[in-house]
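Enquirer: No letters, just coordinates:
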């Protein structure tokens with residue numbers, strides 16, 4: 001069966017069924033040697049049930065999954081948040097109190113793959129709906145590999161998850177291949193059916209808009225390709241240029257931002273406001289205070305200290321509950337959507353690519369950098385970015401309202417572009433503003449710091465083990481303890497793929513910048 005027919009079959013399966021699950025099957029003229037009408041009816045019920053579950057795992061919609069996968073790791077190591085004293089022996093000082101903190105992120109495989117398998121079996125691993133499932137798979141698994149390094153990916157088949165791990169290099173190249181398959185299949189269908197919508201009621205991200213899904217897939221491909229910049233520059237350049245110069249292209253407008261409205265409370269609200277288990281990190285408030293950044297009012301609450309400014313807390317610090325609760329909190333509502341990927345991030349990715357001479361449509365690094373800032377200002381309703389982009393302000397010193405952990409600024413980078421500055425200084429500028437605009441995606445901020453060394457962070461103030469004393473942030477999370485018990489041989493082989501000890505210090509495959 002050729003690709004056009006494959007796409008037609010699956011799109012008919014969905015378009016004819018999912019907007020009203022069983023209506024319209026008799027009108028479907030399925031090509032020969034495809035599913036029977038009875039099979040179509042059953043398959044689509046399964047697909048309809050599976051897709052919201054797949055999408056809700058890209059950013060975990062459960063308390064422990066979000067807290068232990070994002071908040072205790074990426075948010076802390078990306079210097080967006082700092083957990084409270086209840087979690088004093090925490091990942092900010094490279095320790096863990098509970099084995100669950102290492103297991104929970106990995107255990108997401110057991111939630112994702114049963115639903116992914118249902119879609120794959122119902123579609124025979126081809127066509128439009130499977131293309132969407134592949135994009136969702138990469139959306140989740142690129143974070144899992146960037147947390148642990150090697151993970152099971154290419155060898156997971158059927159119901160068995162106790163399989164060999166792939167090296168991170170293999171995972172990344174397989175994810176790019178999955179995205180290419182999805183982009184090609186969706187583009188072919190969209191070109192023939194530009195207004196078609198698939199699974200509008202089940203799609204929690206784009207309400208069935210396939211053109212937006214192509215832009216998201218290309219943007220995700222751009223993110224992964226730039227992550228590989230220092231380790232696989234030739235492949236990275238090819239993938240970047242393919243994504244940006246694709247006929248549908250990448251996300252360029254905030255209207256296409258990938259966000260998801262989870263059922264129930266926002267997990268970020270739950271952790272920061274309902275539980276009061278995290279406060280804003282001092283690194284972020286110090287940069288933004290120094291820049292007099294108007295987005296602060298959208299990001300944070302004013303602190304409860306005298307002066308009512310925006311006061312973050314140092315990573316690794318140890319304050320008691322009443323004092324801790326005075327630091328600035330996250331300004332988020334209990335029904336606010338969760339951000340996955342934005343136009344601003346895409347603009348900064350293109351700015352970095354342009355800085356090193358890659359073909360991203362002819363725009364300059366400076367113009368793309370300024371686009372990134374403007375898009376972020378618009379996203380958060382912060383008004384015009386014109387004066388900000390001409391500012392020569394520098395990041396602020398940190399004055400701890402508690403009097404314990406004050407320190408000087410660690411960077412002198414300005415928002416204003418430096419036409420005569422070195423590429424390295426302008427890279428710091430791009431990544432620093434990208435980091436600010438990534439809020440509240442601490443995980444991505446952590447990845448960018450590990451990849452580039454920017455933005456510059458304050459040292460950890462807590463007591464850390466001597467083996468990690470040189471580190472501003474962890475490079476990874478140790479493997480799941482449960483895997484040592486139930487998949488021991490494959491975990492031991494994965495450590496060899498890792499290229500170092502199974503600890504917080506061993507670097508990702510893509511951490512190759514000099």
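Expert: Happy to help now that I have it. These numbers come from a predicted model, not from an experiment.

Enquirer: where exactly do the helices run in the stretch 251-400 of the chain?
Expert: For the stretch 251-400 of the chain, applying DSSP state H, counting those that start in this stretch gives helices covering 267-269, 282-290, 296-299, 321-324, 343-355, 365-379, 386-389.

Enquirer: ok, how many other residues are close to residue 456?
Expert: 18 (other Cβ atoms under 10 Å). C-beta here means a position set from N, CA and C on the backbone, and glycine is covered the same way.

Enquirer: Please read the previous query as pertaining to residue 437.
Expert: Around residue 437 there are 23 residues (other Cβ under 10 Å).

Enquirer: now the one 3 residues further on
Expert: By the other Cβ under 10 Å criterion, the neighbourhood of residue 440 contains 23 residues.

Enquirer: from memory it sits against residue 268, does it?
Expert: Yes: judged on Cβ atoms under 8 Å, residue 440 makes contact with residue 268 at a distance of 6.0 Å.

Enquirer: Residue 253 is nearest to which of the helices of the stretch 251-400 of the chain?
Expert: Proximity to residue 253 (Cβ to Cβ) singles out helix 343-355 among those, at 5.6 Å.

Enquirer: Now the closest one: average pLDDT?
Expert: Across helix 343-355, the average pLDDT comes to 98.

Enquirer: got it, and stretch 417-425?
Expert: On average, stretch 417-425 scores 98.

Enquirer: got the buried residues for that stretch?
Expert: Within stretch 417-425, the residues scored as buried using 16 or more other Cβ atoms under 10 Å are residue 417.

Enquirer: joint contacts of residue 440 and residue 268?
Expert: Both residue 440 and residue 268 are in contact with 330, 332, where contact means Cβ atoms under 8 Å, 6 or more residues apart in numbering.

Enquirer: sorry, back to before: for residue 59, find the nearest of the helices of the stretch 251-400 of the chain.
Expert: Of all these, helix 267-269 sits nearest to residue 59, with 7.6 Å by Cβ to Cβ.

Enquirer: For stretch 368-379, give me every contacting residue.
Expert: Residues contacting stretch 368-379 (Cβ under 8 Å, 6+ apart): 254, 257, 294-295, 342-345, 347-348, 350-351, 354, 360, 363, 382-385, 388-389, 415, 417, 426, 429-430, 433-434, 436-437.

Enquirer: what about 6 Å?
Expert: If you take Cβ atoms under 6 Å, 6 or more residues apart in numbering as the criterion, stretch 368-379 is touched by 254, 343-344, 347-348, 350-351, 354, 385, 389, 430, 433, 437.

Enquirer: from those, which single one is nearest residue 127?
Expert: Out of the contacts of stretch 368-379, the member with the shortest distance to residue 127 (by Cβ to Cβ) is residue 343, at 28.6 Å.

Enquirer: Would you enumerate the residues in contact with that closest one?
Expert: 251-254, 257, 375.

Enquirer: Please list only the buried members of the residues you listed.
Expert: 251-252, 257, 375.

Enquirer: now, the most widely separated pair of the residues you listed?
Expert: Farthest apart among the buried ones among the contacts of residue 343 - using Cβ to Cβ - are 252 and 257, which lie 10.5 Å from each other.
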